[in-house]
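Trainee: my questions are about this predicted structure, shown below with the sequence.
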Amino acid sequence: MKPKNISFISSVAKQLSENNIAYRLIDSRWKKRGDIDIIVAKKDISAFEQVLHKNDFRRKGRWPPQSRSYKAFHNEEIISLGAHVGGYIGGFGGGLGRIGKKLSPSTSLPAEKSILSPEERLFILLYKYGSRKQRQKYEEEFNQLVSTEKINYSKLSSLCSHAFQNYTSITTAVEEKKSLSEITLHFNSTQKLALRFRGKPNKILKRVYKLIKPSPYITIVGCNGSGKSTTVKKLVEKLRQENIETAHIYSGRIQFQMLPINFFLKLLKPDKIEGKKVDQKENQTVTQKVANEKTEYAREVRIFNSPLLNNLAPFVYYLEYLLRYFIQVHPKRIFNDIVITDRGYLDLFTSPNMNKKVCRFFFSILPRPKYILLWNEPQILAERRPEFRIEDLQKQLHDYEQFSSLYLLKIKTDNYNAVDAIAKKIEKMI
């Protein structure tokens, strides 16, 4: 997390304390990963949400009520906050069960002291280490607590007795300052059963809800050289780092095809081929010159003057994109927070081989995403992609401009941080 946002969260904690809200930060790992876990007393949850709302946090979803998720966008960074109402539940959907009541705030404390006790934090780390697949991320915090905090081993043993069979040996190992990997953890029968079903009911309810209201679906479009692939890659990395489940699909005309379109296109002879010619150097051999004559253009544009083909092509691509949506995109909208595609059906309008009126008809009856346009001046695009003719890039810009009313965002990718602008918009959407 950025230093500015660490200060921001500290100021939010101070506001909570000034309003006499009983809360506890679960650990200090949020300063590195940007994912904040906090316990809030049931009696103070309304006042807690008022403070968050003033600081531009918005609640994500309404289920489960005892484990609430909030997100905000500050200093070009998405901040996730998970509030456990009444006690720490140990992850989405529970896991600690009634033990969570042992880890609940009862009174308000000054912001600098509103964090769980070292014993409680150690117990949570032990529990998570024994129940999660990604274990390494707990080791640094554990080692720091053992080496720097004064620990009440009697209290730690009491907490561990609620979850582990061998709580005595665990406490001894902690007292001997052994690493997490050296500590043997045996859950009791109650916790074994809880872990088997942990989160499943809530996950099922979440999927059912997503069937009715699937996650947002965004398509990023733009001319060649506008920076789509680079922007999408960085955007997906940023969102995933900030705990937003993000699905990324390439959806261009050439690749990712459900129908064998390219196979049939290769069988057709174009009426005309356009493109930027390759310069032939004088010192080339005869063989090289012949090879260049066969591949005359740096970027080949095949043009078909057949009305039948140009009227049929939009229909074929409509079927292609419809299949893509129901087989690839829609399922990911159920299992992710956001689906982002690089290119989409809108790109067909830049093709010289499509009847635009037919394209518009099928475009109107296709499941439609939220579009984001990346653009730049033709001269800049030509510098980035020298294999394209500048007149072709100008035509692409004109074709995209016809749909200006559709764009959720229109971003010039020049001296502008497109990734942060899109991430901020997505944070508000979800």
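Mentor: Sure thing, it's come through. Numbering: from 1, shown residues only.
Trainee: is it true that Phe304 touches Asn310?
Mentor: Yes - judged on C-beta atoms under 8 Å, Phe304 makes contact with Asn310 at a distance of 6.7 Å. Heads up, the C-betas are built off the backbone N, CA and C, glycines and all.
Trainee: overlap in contacts of those two?
Mentor: Shared contacts of Phe304 and Asn310, defined by C-beta atoms under 8 Å, 6 or more residues apart in numbering, are found at Asn353.
Trainee: okay, now the domains of the protein?
Mentor: With automatic domain parsing serving as the domain definition, the record reports that the chain contains domains spanning 1-98+106-113, 117-198, 214-266+304-429, 269-303.
Trainee: for stretch 326-335, buried residues please.
Mentor: Gln328, Val329, Lys332, Arg333 (16 or more other C-beta atoms under 10 Å).
Trainee: identify the farthest-apart pair in these.
Mentor: Across the buried residues of stretch 326-335, the two members that end up farthest from each other (C-beta to C-beta) are Gln328 and Arg333, 10.1 Å apart.
Trainee: just the helices in the stretch 51-200 of the chain please.
Mentor: For the stretch 51-200 of the chain, applying DSSP state H, counting those that start in this stretch gives helices covering 118-131, 139-148, 153-160, 167-175, 189-197, 200-212.
Trainee: again, but for the stretch 201-350 of the chain
Mentor: Counting by DSSP H, counting those that start in this stretch, the stretch 201-350 of the chain forms helices over residues 228-241, 261-267, 286-294, 307-324, 330-335, given from the N-terminal end onward.
Trainee: list the buried residues in the second one.
Mentor: What that stands for is helix 261-267. Ile261.
Trainee: please apply the same query to the first one.
Mentor: Within helix 228-241, the residues that count as buried by 16+ other C-beta under 10 Å are Lys228, Thr231, Val232, Lys234, Leu235, Val236, Lys238, Leu239.
Trainee: now the longest one
Mentor: Of the residues in helix 307-324, those with enough neighbours to count as buried (16+ other C-beta under 10 Å) are Leu309, Asn310, Ala313, Pro314, Tyr317, Tyr318, Glu320, Tyr321, Leu322, Arg324.
Trainee: is it true that the second one touches Lys356?
Mentor: What it means is Asn310. No - Asn310 sits out of contact with Lys356 when judged by C-beta under 8 Å, with a separation of 9.4 Å.
Trainee: is it true that Pro314 touches Asn355?
Mentor: Yes - with the criterion set as C-beta under 8 Å, Pro314 and Asn355 qualify as a contacting pair; they are 6.2 Å apart.
Trainee: counting by contacts, list what the helix or strand where Lys31 lies packs against.
Mentor: Under DSSP states H and E, the secondary-structure element containing Lys31 is helix 30-33. In terms of contacts (3 or more C-beta pairs under 8 Å, 6 or more residues apart in numbering; DSSP states H and E), helix 30-33 is not packed against any helix or strand.
Trainee: send me that helix as PDB with only the CA atoms.
Mentor: Listed next in PDB are the C-alpha coordinates belonging to helix 30-33 (Å, rounded to 0.1, in the frame of the first residue of the first chain):
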ATOM      1  CA  TRP A  30      -2.600  -4.500   5.400                       C
ATOM      2  CA  LYS A  31       0.200  -1.900   5.200                       C
ATOM      3  CA  LYS A  32       1.900  -4.200   2.600                       C
ATOM      4  CA  ARG A  33      -1.000  -5.900   0.900                       C
END
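Trainee: what ranges in the stretch 51-200 of the chain fall below the confidence cut-off?
Mentor: Low-confidence segments of the stretch 51-200 of the chain, defined by pLDDT under 70: 63-64, 90-98, 198-199.
Trainee: now Arg343: closest residue in space that isn't a chain neighbour?
Mentor: Excluding its sequence neighbours, the residue lying closest to Arg343 (C-beta to C-beta, 6 or more residues apart in numbering) is Gly252, at 4.2 Å.
Trainee: may I have the phi/psi pair for the one you found?
Mentor: Its backbone dihedrals place Gly252 at phi -80, psi 170, with angles given as degrees, to the nearest 10.
Trainee: count of residues packed around it?
Mentor: The number of residues packed around Gly252, counting by other C-beta atoms under 10 Å, is 14.
Trainee: likewise for Ser11?
Mentor: The tally of other residues near Ser11 (other C-beta under 10 Å) stands at 11.
Trainee: how close does it get to Ile212?
Mentor: Applying C-beta to C-beta, to the nearest Å, one obtains 38 Å for the distance of Ser11 from Ile212.
Trainee: do the same with Tyr318
Mentor: From Tyr318 over to Ile212 the distance is 26 Å, taken as C-beta to C-beta.
Trainee: what does Gly34 give?
Mentor: For Gly34, the distance to Ile212 under the criterion C-beta to C-beta works out to 30 Å.
Trainee: more crowded one of these two?
Mentor: For Gly34 versus Ile212, the count of surrounding residues by other C-beta under 10 Å is larger for Gly34: 20 against 6.
Trainee: can you report phi and psi for the more buried one?
Mentor: When read as degrees, to the nearest 10, the backbone of Gly34 gives phi 80, psi 10.
Trainee: so who does it touch?
Mentor: For Gly34, the residues meeting the contact criterion (C-beta under 8 Å, 6+ apart) are Met1, Asn5, Glu77, Ile78, Ile79, Ser80, Gln241, Glu242, Asn243.
Trainee: Thr231 against Ala418, yeah?
Mentor: Yes - the pair Thr231 / Ala418 is scored as a contact, 5.1 Å apart, by C-beta under 8 Å.
Trainee: who touches both of those two?
Mentor: Overlap between the neighbourhoods of Thr231 and Ala418 consists of Leu374, taking contacts as C-beta under 8 Å, 6+ apart.
Trainee: one step back: give the rounded mean pLDDT of the helix holding Lys31.
Mentor: Within the predicted structure, the mean pLDDT of helix 30-33 is 81.
Trainee: CA atoms of the helix or strand that it is followed by as CSV?
Mentor: Secondary structure here is assigned by DSSP H and E; on that basis, the next helix or strand after helix 30-33 toward the C-terminus is strand 35-40. This file holds the C-alpha atoms of strand 35-40, laid out as CSV (Å, rounded to 0.1, in the frame of the first residue of the first chain):
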residue,chain,number,x,y,z
ASP,A,35,-6.4,-5.6,2.3
ILE,A,36,-7.7,-4.5,5.7
ASP,A,37,-9.5,-6.8,8.2
ILE,A,38,-11.3,-5.1,11.0
ILE,A,39,-13.7,-6.3,13.8
VAL,A,40,-16.6,-4.0,14.7
